[in-house]
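1. how does the following fold in three dimensions:
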Amino acid sequence: IDYQNAQGEMANSDMIAKNMVSAKYDLILGIATPSAMSAYSAAKDTDIPVVFSAVSDPLAAGIVKSLEKPEYNITGTSDVLPLEAQLKMIRAFLPEADKIGVIYTTSEPNSISHLASFEELAPKYGFELVAIGVTNASEVATAATALVSKGVDCINNFTDNNVVNNLSSVIHAAEKGKIPVFGSEIEQVKNGCLAAESIDYVSLGRETGRIAARI
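-> Residues are numbered from 1 along each chain as shown. Reported below is the predicted structural model:
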């Protein structure tokens, strides 16, 4: 097994996937949406199977034709978030809150998809969403400060890879504004978020491994 880390950079991810295809690897596994998209793009015209893990919306990412039947030379596991449970949890923690701030990366289909669902569900629990889109790591801290200045009662993060990689700057801005940050998985809580409703990523990884083994 050859482990390669793209360090959160799409250009690195694309290059790693192309190199794996050139080396005729027997299978390529992409963890999270950006890596899965790189692997799919590099291997789509070959007979190298691709497996993805923790892709929230593989349909929106364009790597499968349907969740029931991918049709392309790719399959894997989805980590679509329990967004309604997240909203219920935030309401339980903050019974008087009105506004939830969200930072999302405009190039991550998973974040766009989660945001759309979150916006649809939020009014049901009496929340208004204030969302700011970013394009790269350098914009995350500024976006977090902007949300605080807009008077949000908390900041909620999905599994946006760019934002998670820069979570410390979000938490720093929120602490200055004396508001909590909610995460979407246990590691974000360990790194400073107040709480999260999440799926079990260890179990997800095991199931992805089983898929790869069967192939």
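2. the residue nearest to the spatial centre of the chain - nearest residue in space that isn't next to it in sequence?
-> The centroid of the chain falls nearest to residue 159 when counting by C-alpha atoms, centre = their mean (2.9 Å). With sequence-adjacent residues excluded and distances taken as C-beta to C-beta, 6 or more residues apart in numbering, residue 159 is closest to residue 184, at 5.0 Å. Placement of C-beta: from N, CA and C, glycine included.
3. and the gap between the one you found and residue 114?
-> Distance, residue 184 to residue 114, using C-beta to C-beta, to the nearest Å: 8 Å.
4. so what sits against both of these two?
-> 81, 158-159 (C-beta atoms under 8 Å, 6 or more residues apart in numbering).
5. before we move on, back to that, correct me, but the residue nearest to the centre of the chain touches residue 54?
-> Yes - look at residue 159 against residue 54 with C-beta atoms under 8 Å: they come within range, at 7.3 Å.
6. overlap in contacts of the two?
-> 32, 79.
7. what segments of this protein are strands?
-> Secondary structure of the chain (DSSP state E): strands at 28-31, 50-53, 74-76, 99-105, 128-134, 154-156, 181-182.
8. low-confidence ranges, the protein, go.
-> By pLDDT under 70, the chain has no low-scoring segment.
9. so where do the helices sit in it?
-> Under the criterion DSSP state H, the chain carries helices at the ranges 10-22, 33-43, 83-93, 109-121, 140-149, 161-165, 167-176, 186-190, 201-214.
10. what sits up against the fifth one?
-> When contacts are taken as C-beta under 8 Å, 6+ apart, the neighbours of helix 140-149 outside the stretch itself are 101-103, 130, 132, 134, 155, 162-163, 166, 169-170, 172-174, 176-177, 179.
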